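>>> take this sequence and fold it.
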Amino acid sequence: RRLVKMVRQARLLPMLFIPAVHSFSISLHGCRMLSLRSALSRTHARHLSTQRMCDASAEQRVSVTGSVYEGPPESPRVTLFTKADCTLCDKVKVVLKDCKESHPHSLSQIDITDPEHEDWWKRYKYDIPVLHLNGLYWTKHKLDMAAAGEALEAARNGSFKQQRGEPDASRLEH
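Numbering: from 1, shown residues only. Predicted structure coming up:
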């Protein structure tokens, strides 16, 4: 029975296992033959259909690149590297908005999934949110009010320096 259940669930196998399985048959109790070929064919067809839907929705996706808010002309510029539906990025934006009055700054965001931002995607795809301050790497993943205030004050008075630990996924993938 356990084997029968496994065979019935074969349609759930990830697509990467399909080439190794091709036309596999199992004999149950010496009397019935179950072919996985048809189950795998159905799975493959569903996978292709889902892939086409994902491709179609990618064409309809909305970029989040652009200005979030503007501060005074001489204020520090914060750039948030993000993508749509990034909840950690939303949390970082809340922190930055909360300290906007005490530490004026401008905030813009770059959607790393935009085709024109492929270089940023290669670097930051595993680490968003990533923040730059006046064009220099600042921090990744999270931000609290104290750290934001300190860095924005340093940028305002000209003492902010690029921080260590800037992510680069492209180095890891070679």
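>>> thought Val92 was touching Lys142, still the case?
Yes - using CB atoms under 8 Å, Lys142 is in contact with Val92, at 7.0 Å. In this view, the C-beta of every residue, glycine as well, is placed from N, C-alpha and C.
>>> what pLDDT does the model give the spatially closest residue to Glu70 that is not a sequence neighbour?
Leaving aside its chain neighbours, Glu70 sits nearest to Ser106 (5.0 Å; criterion: CB to CB, 6 or more residues apart in numbering). Per-residue confidence (pLDDT) for Ser106: 98.
>>> ramachandran angles for Ser106?
phi -100, psi 150 (degrees, to the nearest 10).
>>> more neighbours, Lys142 and Val92?
Legend: neighbour count by other CB atoms under 10 Å for Lys142 and Val92, higher for Val92 (26 against 11).
>>> gap between the more buried one and Gln109?
Remark: distance between Val92 and Gln109 (CB to CB, to the nearest Å) = 10 Å.
>>> give me the common contacts of the two.
Overlap of the contact sets of Val92 and Gln109 (by CB atoms under 8 Å, 6 or more residues apart in numbering) consists of Leu80.
>>> now do the strands in the chain.
With strands called from DSSP state E, the chain shows them at 25-28, 32-35, 66-69, 77-82, 106-111, 130-133, 136-140.
>>> helices of the protein, start to end?
Under the criterion DSSP state H, the chain carries helices at the ranges 2-8, 18-21, 36-60, 87-98, 118-124, 145-156, 169-172.
>>> and Glu173, what pLDDT?
For Glu173, the model assigns a pLDDT of 81.
>>> that one: neighbour count?
Neighbours of Glu173 (other CB under 10 Å): 9.
>>> what's the answer for Met145, then?
Neighbours around Met145, by other CB under 10 Å: 13.
>>> how about low-confidence regions in the protein?
Regions of the chain meeting the criterion pLDDT under 70 cover residues 1-60, 174.
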